[in-house]
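Trainee: just coords:
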């Protein structure tokens, strides 16, 4: 029996500091409806979709930054998106800033099923940037300041039958550049990895050697190769465009288990991309060249968990 | 002070079953001389360069297959290559089938310095294929039959000053598709990864869904992305062409730490490619986005060493 799921990526254009949640939710509902009209069963929205990418700004006080966080999911500010999705029987992935009852802050995402129930929740593990404000830098990257490191691991779940019982996993933004994250998903048989991102169109660590072109190349390359090496479908979706003077790359894409691009966004605006995913295309890789049980040699991978940073190799004998 | 090394990839065309070691060494010496003429300091030859890719054939007896193995490196059959390299003061990477004094067989490679001394030795860890002969398959992939799994880990060494003190690492063929292998090298600060390969131009596990085009795409993609994600230069070199009716892809390439292709072979024959590698280009990645000490979270990577094969995720609640 064919195991298919029709995927959509809902790339979003810029959210500025002055945009209200209501304005942003209106755009997201429009994207959702457009996707549903074309038969999408799962719509992937970006990381931190409900607000601007606020970690680029050095907020001085807690109350200022807490404006961008959600204390429950859903909540009245975003309920309209959940209601419309349930009415259309479309599921979705969405990223948001999470504030827990204990006052802990995470960069989180959930996948909501067509019946409105939550299939998966993930808190971003690979937080980029710095904890301290970097002087003389036009835009900050303060994810390490505003968020705790994710504490839910890299979860995978089998979806219900209307999604072909796909083994679905989640990553957020910078995670997609870390092969360890993909591998932990693949070690749970993942067949579809959903990713939302906000990636600067310049070097977010400072310096002037990176531009939108190479940053988009890197974003695309990492998803293609990790999808191939883990024999999985992937949907990776940007918030793009210029937010209050700070550029974000686009390049949202859907990649098959061969690492081939099936659809890619062409604008830096709200834009939908689609692909029909045959989940059984994962079998070629999972059963042959990437048959982990047959070919992996974990006794030689120990430094991956025994070390955090790199160590120097021995010097050459002269 | 600039830290540069001029690299060459010496792609080789087919070695047939009837070719003698002397004939093959003659071609390798020609490639080496051509590379030296154009200033190369390190020339990368393919995996199992001195013979045909013999694991595609089901040899019935030990003496038959032992014909393809080297009992010492160098040895009289290959000495001419070593002598010419030392005379030209050029170093090289070369793959060969190793038979130890204890009778153990490995798919091995060494890197020889310009002064003729061995910098590094590696035995292939990710052996593809099967131990048993697969019936009804035109060509076999019997690396698991003819070789033991490598037992030297993934070694890195700092090269001497004339190679810019590059941190050099080694992989062989199928290893390049395994992100764990690259990561273990990068956790030793690797700046240059040398790889030789023999990759079938068809699905070596059987089936008819893969051709030379997609196999070359995969080979290229894996090296580009792993070079980028580990902020390292890479030289990946094929034995290409048709060996006794069995096709091998080409596509040898040199990739920079941004994952960009600096040179790529265009033929399936003996062909040289070159690039001048500025080792300090690795710093952008190693100090910023892939600063492992700042950003890796090994407590969540445990399945990479605790599991060999994949396990099922939990089923969806219905």
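Mentor: Structure received. Predicted model only: the values in this text are computed from it and were never measured. Numbering: from 1, shown residues only, chains lettered A, B, ... in the order given.
Trainee: In chain A, what residue spans correspond to strands?
Mentor: Assigned by DSSP state E, the strands in chain A fall at A:4-11, A:42-44, A:91-99, A:105-112, A:118-123, A:156-158, A:167-172, A:192-197, A:233-238, A:241-243, A:246-248, A:253-255, A:261-264, A:271-278.
Trainee: Can you say which of these is nearest to chain B?
Mentor: Among these, the nearest to chain B by CB to the nearest CB is strand A:156-158 (3.9 Å). (Each C-beta comes from the backbone N, C-alpha and C, glycine too.)
Trainee: Quick one: mean pLDDT for that closest one?
Mentor: Averaged across strand A:156-158, pLDDT comes to 97.
Trainee: where are the low-confidence patches of the stretch 101-250 of chain A?
Mentor: The model of the stretch 101-250 of chain A has no residue with pLDDT under 70.
Trainee: from it, which residue is nearest to chain B?
Mentor: Counting by CB to the nearest CB, the stretch 101-250 of chain A gets nearest chain B through residue A:225, at 3.1 Å.
Trainee: Look up the closest residue to that residue, ignoring the ones flanking it.
Mentor: residue B:225 (3.1 Å; CB to CB, 6 or more residues apart in numbering or on different chains).
Trainee: got the contact list for the one you found?
Mentor: Under the criterion of CB atoms under 8 Å, 6 or more residues apart in numbering or on different chains, the neighbours of residue B:225 are A:221-222, A:224-226, B:259.
Trainee: Check the residues you listed and tell me the two furthest apart.
Mentor: A:226 and B:259 (12.6 Å; CB to CB).
Trainee: Looking at the two, which is more packed in?
Mentor: Taking other CB atoms under 10 Å in any protein chain shown, residue A:226 and residue B:259 do not tie; residue A:226 has more neighbours (31 against 24).
Trainee: hang on, the more buried one packs against residue A:175?
Mentor: No - at 10.0 Å, residue A:226 does not count as touching residue A:175 under the criterion of CB atoms under 8 Å.
Trainee: Give the residues shared as contacts by the two.
Mentor: By CB under 8 Å, 6+ apart, no residue touches both residue A:226 and residue A:175.
Trainee: quick one on the thing from earlier: mean neighbour count and distance to chain B added to the strands of chain A, as JSON lines?
Mentor: Formatted as JSON lines, those follow (neighbours: other CB atoms under 10 Å in any protein chain shown; distance: least, CB to the nearest CB, whole Å):
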{"stretch": "strand A:4-11", "mean neighbour count": "25", "distance to chain B": "13"}
{"stretch": "strand A:42-44", "mean neighbour count": "29", "distance to chain B": "13"}
{"stretch": "strand A:91-99", "mean neighbour count": "25", "distance to chain B": "11"}
{"stretch": "strand A:105-112", "mean neighbour count": "24", "distance to chain B": "11"}
{"stretch": "strand A:118-123", "mean neighbour count": "20", "distance to chain B": "7"}
{"stretch": "strand A:156-158", "mean neighbour count": "23", "distance to chain B": "4"}
{"stretch": "strand A:167-172", "mean neighbour count": "28", "distance to chain B": "5"}
{"stretch": "strand A:192-197", "mean neighbour count": "29", "distance to chain B": "12"}
{"stretch": "strand A:233-238", "mean neighbour count": "29", "distance to chain B": "13"}
{"stretch": "strand A:241-243", "mean neighbour count": "19", "distance to chain B": "20"}
{"stretch": "strand A:246-248", "mean neighbour count": "22", "distance to chain B": "16"}
{"stretch": "strand A:253-255", "mean neighbour count": "26", "distance to chain B": "11"}
{"stretch": "strand A:261-264", "mean neighbour count": "17", "distance to chain B": "11"}
{"stretch": "strand A:271-278", "mean neighbour count": "19", "distance to chain B": "12"}
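Trainee: In TSV: those strands, plus distance to residue A:298.
Mentor: Shown next, in TSV, are those (distance: least, CB to CB, whole Å):
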stretch	distance to residue A:298
strand A:4-11	31
strand A:42-44	32
strand A:91-99	30
strand A:105-112	29
strand A:118-123	24
strand A:156-158	19
strand A:167-172	20
strand A:192-197	22
strand A:233-238	24
strand A:241-243	42
strand A:246-248	38
strand A:253-255	26
strand A:261-264	31
strand A:271-278	30
